[in-house]
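J.: Fold the following and give me the result.
(2 chains)
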Amino acid sequence: EPEVTQTPSHQVTQMGQEVILRCVPISNHLYFYWYRQILGQKVEFLVSFYNNEISEKSEIFDDQFSVERPDGSNFTLKIRSTKLEDSAMYFCASSGQSDSGRPLYEQYFGPGTRLTVT
Amino acid sequence: GQQVMQIPQYQHVQEGEDFTTYCNSSTTLSNIQWYKQRPGGHPVFLIQLVKSGEVKKQKRLTFQFGEAKKNSSLHITATQTTDVGTYFCAGFSWGSARQLTFGSGTQLTVLP
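T.: Numbering: from 1, shown residues only, chains lettered A, B, ... in the order given. Below you'll find the model as predicted:
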């Protein structure tokens, strides 16, 4: 069964450094998302991406964050200057569309990247 | 902004007992989804409800969407140890097609 993959599984970085988290969504999916989950808390929406542009973003997704689809398979989240409070599990997700072109709303999550900022 | 609350936050049950988690949104939802997250795992999609008053069943799991489309519930009959995990509801508010707001989650522990 196709699945979303993410690398690395764990990233440790120092405060102020830039990090890039990588995701490979399910191959025929057109909608991509990033979420974060601080340990023991709920999953929080960061951004959605469709047709090579951001379609929606939350208040968390400020100027320090950016997303990119650099090629036909990867989807990346960049944090420009990490803060201690950016420590969290970051999940990538994707969703597809039906044969008739109707968007499907169920989202498929990757295994996550645990980001630790020291 | 939209808030989605779940109760209870934690639930411990003996294997074989039933379990219910309740989800309440501060705003009307266009649809609601349920996800399960195993300890150390990622959210896994379970189901989507769209219609007011809709009820769907998956084996021992029963999902309901309220008439006003602001609340939902998940009921598990005769829990098994494989049901352990955190159950999240998540919804799209009207006007948003992609911003999924997750509930606070209910962590279920099943004692053998």
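
J.: Give me every residue in chain A lying close to chain B.
T.: A:31, A:33, A:35, A:42-45, A:48, A:50, A:55-56, A:58-59, A:91, A:103, A:105-112 (C-beta under 8 Å from any C-beta of the partner chain). The way it works is simple: take the backbone N, C-alpha and C, and place the C-beta from them, glycine included.

J.: I'd like to know which residues of chain B are adjacent to chain A.
T.: Counting by C-beta under 8 Å from any C-beta, chain B sits next to chain A at B:1, B:31, B:33, B:35, B:37, B:41-45, B:48, B:88, B:90, B:92, B:96-105.

J.: Can you say which of the residues you listed are buried?
T.: Buried subset of the residues of chain B next to chain A (neighbour count, 16 or more other C-beta atoms under 10 Å in any protein chain shown): B:31, B:33, B:35, B:37, B:42-43, B:45, B:48, B:88, B:90, B:92, B:96, B:98-105.

J.: Report all helices and strands that whichever strand or helix holds residue B:33 contacts.
T.: Assigned by DSSP states H and E, residue B:33 falls within strand B:29-37. In terms of contacts (3 or more C-beta pairs under 8 Å, 6 or more residues apart in numbering or on different chains; DSSP states H and E), strand B:29-37 is packed against strand B:43-49, strand B:61-65, strand B:71-76, strand B:85-93.

J.: quick one: which of those is nearest residue A:10?
T.: strand B:43-49 (18.7 Å; C-beta to C-beta).

J.: What strands flank the next helix or strand after that closest one, and is each parallel or antiparallel?
T.: Downstream of strand B:43-49, the first helix or strand assigned by DSSP H and E is strand B:55-58. Paired neighbours of strand B:55-58 in the sheet (DSSP bridges): strand B:61-65 (antiparallel).

J.: pLDDT wise, what is whatever residue of chain B ends up closest to chain A at?
T.: Relative to chain A, the nearest point of chain B is residue B:98 (3.7 Å; C-beta to the nearest C-beta). pLDDT, residue B:98: 78.

J.: Could you do residue B:88 as well?
T.: We have a pLDDT of 97 for residue B:88.

J.: ok, what's across the strand from it?
T.: Here residue B:88, judged by DSSP bridges, has bridge partners residue B:35.

J.: List the contacts of it.
T.: Neighbouring residues of residue B:88 by C-beta atoms under 8 Å, 6 or more residues apart in numbering or on different chains: A:42-43, B:6, B:34-37, B:43, B:102-103, B:105.

J.: How about chain A: which residue is closest to chain B?
T.: In chain A, the residue that lies nearest chain B is residue A:48 (3.7 Å; C-beta to the nearest C-beta).

J.: before we move on, the earlier item: comparing the helices and strands packed on strand B:29-37, which comes out most buried?
T.: Ranked by mean neighbour count under mean count of other C-beta atoms under 10 Å in any protein chain shown, those are led by strand B:85-93, which reaches a mean of 24.

J.: Quick check: which helices or strands does the worst-scoring helix or strand of chain A on mean pLDDT pack against?
T.: Scoring the helices and strands of chain A by mean pLDDT, DSSP states H and E places strand A:53-57 at the bottom, with a mean of 92. Counting contacts by 3+ C-beta pairs under 8 Å, 6+ apart, strand A:53-57 packs against strand A:43-50.
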